[in-house]
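**Q** predicted model follows, preceded by the sequence.
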Amino acid sequence: MIYKNEKSLINIIKYTPFIFIISLSLIISISLYFQKQNELEIEKESIKKEYLEKNQELIKSEVENLYNFIIRTQEKTEEKLKNSIRQRVLEANNIANRIYNENKDTKTKNEIIKMIKDALVDIRFNDGRGYIFIYGFDYECILLPINRENEGKSVYDFQDSKGLYLGREIVKSLQNNDEAFLTWHYPKPENLEKKDFKKIGFNVHFKPYDWFIGSGEYVVDFEENMKEEILEYISKLKTNENDYFFILDYDKKSLFQKIDNLVDKSFQKISSDDEMNLFNEILDLSKNGGGFITYNYKIIDETTALTKTSYVKALLNWKWIIGKGFFHDYVNKIIEKKSIELNEKFHKKIKNIFIITLILTLILLSISIYISKKLEKKFQDYKMELKKQQHILAQQSKMAAMGEMLGNIAHQWRQPLSVITTVATGMKLQKEFENLDDKTFDEAIENITNSALYLSKTIDDFRSFFKSDKKETFFSIKETFEKVLKLTNSQFKNHEITIIKEIDDFQIYGFKNEFIQVLINILNNSKDALINKKENKLIFIKTFEDDENNFVIKIKDNGGGIENKILDKVCEPYFTTKHQSTGTGIGLYMAEEIIEKHMNGILEINNCKFSYENEEYVGAEVTILLNKES
C-alpha cells in the first residue's frame, strides 16, 4: 500500500527538480529581461544626455569661435581703414604730381591748380563717403569737395569736438615727414547731436606748392562696412534648420538669421511681458560673459512652439548678441532613431538569452528527469526494504503480542483446568469408596463439559486474534473493546487494575485485528506503568465523535506519566523504558504505523493531569483520531 505521505514524497522527487528548474529559468530570464530593459533605458538616457551635452559644447564652441573672429576683425579695423585711406591719398598725390610734372613748363600755376582740383574733386571711395581735400601750409583751403564754398578760407582756428586745432596739427605732423596719420573727433552730418565720432585722416606733403593732400573717414562708418562683411561671411557658412547663427542687437532687432522660414518673432516685435522677459534674460546673460538658455521658439506656419537651447554671447562695443542653438525636437528624433536601433539590438539580445536559457533548461530538465528516476528507483528500493523491516517489526510485535496472549491463555485456562482436575479427582475417590451415585456423576460430567467448552471458546477467541486480516471491513468500536478486554481481562484482574469505560459506539473502517493489536499494545503499556503502583490502579477508556468530523479514542492511566525528555521518542522503533527481558520497543511504533499509515489517522501521546472521585492524578494519555470519511 502506498500511503499519502509516500505519494507526496514520490511526487516531490519527481516534480520538484522540474518545477525548480523551470522556476529558476523563468526567474533568470525575467531578471535578465528587466536588467537588459533597464540597461536599454539607461543607454537611451545616456545617449540623450551625451547628445545634448555634445550639441551644447558644439554651439558654444562655434559661437566662441565667431566671437573671437569678430574681435580679431575689430582689432584690424583701424589698420585696414588707415591702409584704405592712405592708398587713396597716395593715388591722389600721384595724380597731382603727374599733372604738375606734365604741365609745369607749359601751363601757369593757376592752370595747373585748376587741373589738379578738377582731377581730384570727384574722387569717391568707401561707398562714397571718402573724398580728397587739399590745404596749404598757410592753412588756406584749396579743395573741399563736400563744401566748395569754404575753398580759399583759412582753417587756422578750426577745432574738432575736443578742441584740437586740426589745421595746425596737420601742418605740425608734416613739418619733418612727407606723410602722417592724424585722429580727431567730429560730428557726422547725419547725426549732429553726437559730436565725438572718431575720425582717422591721412595727409601727404605736396611739395611743388607746399600743400598737404589728405582724406579722412569716420571709424564708425567703416565699422558698418565691416559688420556687413561679417554678416556676409556668416551667411556663406553651411547651415540647416537646426544649425545656424543668429545675431540680435540691444534694440531687440534681429540683424541676421540665415534660415528664412525660422523667424524668432519675439525679437521682431515684442508684444508681451513674457517676450520682453525672455529678451532681457538673453541680454543679461550675454552681457555677463554668455551662457546657455532654453526657451520656446516659434516657427512660421507652426501653431506649437518648439523647445530650443541656445548659447549666447554679447559683442559689447557693437551691441550685438551672437547666438546659436538647436531644437530639442531634432534631438528627440535622433534619439528616437537611435532608440530603434537600440531596441533592435535589445530584442536580439533577449532572443539570444531566451534561446540559451531554453537550451540550458532542456539540458537541466533532462539531467533532472534522469536523476529523479534514479531517486525514485532508490526510494522504491528503500520502500521495499522498509516494508521488509516493517514486516519483521510486525512479526516481532505479533510474537510479543503472542507472548502476552499465551500468558493470558494460561491465566484464563488455570481456573477451568483446576475445576476439571478437582471434579475428576472427586469422582475417582467417590468411585473407590463406592460412593459415586448417578446424580453426583451427572453433575461432575456437566462441570467437566462446561469447563471444556470454556477452554474451547477461549482457544477460538485467541485464534481469531492471530488470524491475518485479508480485507478492510467496518467494525464496531464497542465490540472491539469488549473483545480486547476479554483477551486481556485476566492480567488486569491479577494486577488489580480497574478499567473505567465511557464508550460511545461507532463504526470504524479498516483491518480489525490490526486495530485490536494497537489497543492491546496501548493497554499493555498502561498496565506496565501501573504494575508497581500500590493502590488505585486505574485505566480510563473513552470514545466519542468530535465537532471536526473525527472519531476520537482516548486511553489514559494514573501511572505518573512519561518523562518529558523521552516523550517524543516513545514511538521510535526499539525504544523502550522497560527491562530488556520484558520490552521490545516496537509496540507503540507499530501502533503508530498502523493508525497513521493503514488507517490514515493520528496517534498522539501526552502527559495529563485529571481528577477522579475527588482525587488528583497524573498519567499518560493516548489519543487516536480517525476521520469519519477515511
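**A** Happy to help now that I have it.

**Q** tell me the SS of Gly128?
**A** Going by DSSP: H, G, I helix; E, B strand; the rest coil, the secondary structure assigned to Gly128 is coil.

**Q** what about it, distance to Lys82?
**A** For Gly128, the distance to Lys82 equals 19 Å [C-beta to C-beta, to the nearest Å]. C-beta: built from backbone N, CA, C; applies to glycine.

**Q** out of those two, which sits in the busier spot?
**A** Just comparing Gly128 and Lys82: by other C-beta atoms under 10 Å the higher neighbour count belongs to Lys82, 17 against 7.

**Q** any idea which helix or strand comes after the helix or strand that contains that one?
**A** Following DSSP states H and E, one finds Lys82 within helix 77-103. On the C-terminal side of helix 77-103, the closest following helix or strand by DSSP H and E is helix 109-120.

**Q** and the helix or strand containing Asp442, what's its mean pLDDT?
**A** Assigned by DSSP H and E, Asp442 belongs to helix 438-466. What helix 438-466 shows for mean pLDDT is 64.

**Q** one step back: angle of the helix holding Lys82 against helix 109-120?
**A** Taking axes from the mean of the first three to the mean of the last three C-alpha atoms, to 10 degrees, helix 77-103 and helix 109-120 form an angle of 140 degrees between their directions.

**Q** please work out the average pLDDT along helix 77-103.
**A** 92.

**Q** can you pull out the helices in the stretch 351-500 of the chain?
**A** Counting by DSSP state H, counting those that start in this stretch, the stretch 351-500 of the chain has these helices, from start to end: 438-466, 477-494.

**Q** I should have written the stretch 101-250 of the chain there, sorry.
**A** For the stretch 101-250 of the chain, the helices defined by DSSP H, counting those that start in this stretch cover 109-120, 166-174, 219-235.

**Q** could you dump the ones you listed into a markdown table and include mean pLDDT?
**A** Rendered in a markdown table, the data for the helices of the stretch 101-250 of the chain read as follows (pLDDT from 0 to 100):
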| stretch | mean pLDDT |
| --- | --- |
| helix 109-120 | 93 |
| helix 166-174 | 91 |
| helix 219-235 | 81 |
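
**Q** in stretch 276-294, what counts as buried?
**A** By 16 or more other C-beta atoms under 10 Å, the buried positions in stretch 276-294 come out as 278-279, 282-283, 285-286, 290, 293.

**Q** what's the domain layout of the chain?
**A** Following automatic domain parsing, the chain resolves into domains at 241-330, 468-627.

**Q** now these in TSV, with distance to Leu143?
**A** Formatted as TSV, these follow (distance: least, C-beta to C-beta, whole Å):
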stretch	distance to Leu143
domain 241-330	35
domain 468-627	133
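
**Q** pick out the shakiest of those domains, pLDDT-wise.
**A** Within the domains of the chain, confidence is poorest for domain 241-330, with a mean of 74 (mean pLDDT).

**Q** hmm, back to that, out of the buried residues of stretch 276-294, which one sits closest to Leu40?
**A** Minimum distance to Leu40 across the buried residues of stretch 276-294 is 31.8 Å, recorded for Ile293 (C-beta to C-beta).

**Q** so of the buried residues of stretch 276-294, which ones are in strands?
**A** Secondary structure assignment (DSSP state E) places Ile293 from the buried residues of stretch 276-294 within strands.

**Q** deepest of the helices of the stretch 101-250 of the chain, which one?
**A** Burial of the helices of the stretch 101-250 of the chain is given as mean neighbour count (mean count of other C-beta atoms under 10 Å); helix 166-174 ranks first at a mean of 18.

**Q** name the helices or strands packed onto that one?
**A** Where contact means 3 or more C-beta pairs under 8 Å, 6 or more residues apart in numbering; DSSP states H and E, helix 166-174 is packed against strand 179-185, strand 198-206, strand 211-218.

**Q** mind checking how far the longest strand along the chain is from the chain centre?
**A** In terms of residue count, the longest strand belonging to the chain (DSSP E) is strand 615-627. Using C-alpha atoms, centre = their mean, to the nearest Å, we find the averaged C-alpha position of strand 615-627 to lie 57 Å away from the chain's own average C-alpha position.

**Q** now do stretch 51-69
**A** Here the centre of stretch 51-69 is set off from its chain's centre by 37 Å, with C-alpha atoms, centre = their mean.

**Q** buried ones in that stretch, by neighbour count?
**A** Going by neighbour count (16+ other C-beta under 10 Å), the buried part of stretch 51-69 is 51, 55-56, 59-60, 62-63, 66-67.

**Q** quick one: the strands in the stretch 301-450 of the chain, in order.
**A** Listed in chain order, the strands of the stretch 301-450 of the chain (DSSP state E, counting those that start in this stretch) span residues 306-315, 320-327.

**Q** buried deepest among these, which one?
**A** With neighbours defined as mean count of other C-beta under 10 Å, those peak in mean count at strand 320-327, which reaches a mean of 23.

**Q** tell me what angle that strand forms with helix 219-235.
**A** Orientation note: strand 320-327 sits at an angle of 10 degrees relative to helix 219-235 (the same axes, to 10 degrees).

**Q** for strand 320-327, name the packing helices and strands.
**A** Other elements packing on strand 320-327 under the criterion 3+ C-beta pairs under 8 Å, 6+ apart are helix 4-75, strand 245-249, helix 273-287, strand 306-315.

**Q** using CSV, list the CA coordinates for that strand.
**A** Output of strand 320-327 as CSV, limited to C-alpha atoms (Å, rounded to 0.1, in the frame of the first residue of the first chain):
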residue,chain,number,x,y,z
TRP,A,320,25.4,92.6,-30.7
ILE,A,321,24.1,89.4,-29.3
ILE,A,322,25.7,86.4,-31.1
GLY,A,323,23.9,83.1,-30.7
LYS,A,324,23.5,79.6,-32.0
GLY,A,325,21.1,76.9,-30.8
PHE,A,326,19.5,73.6,-31.5
PHE,A,327,15.9,72.3,-31.3
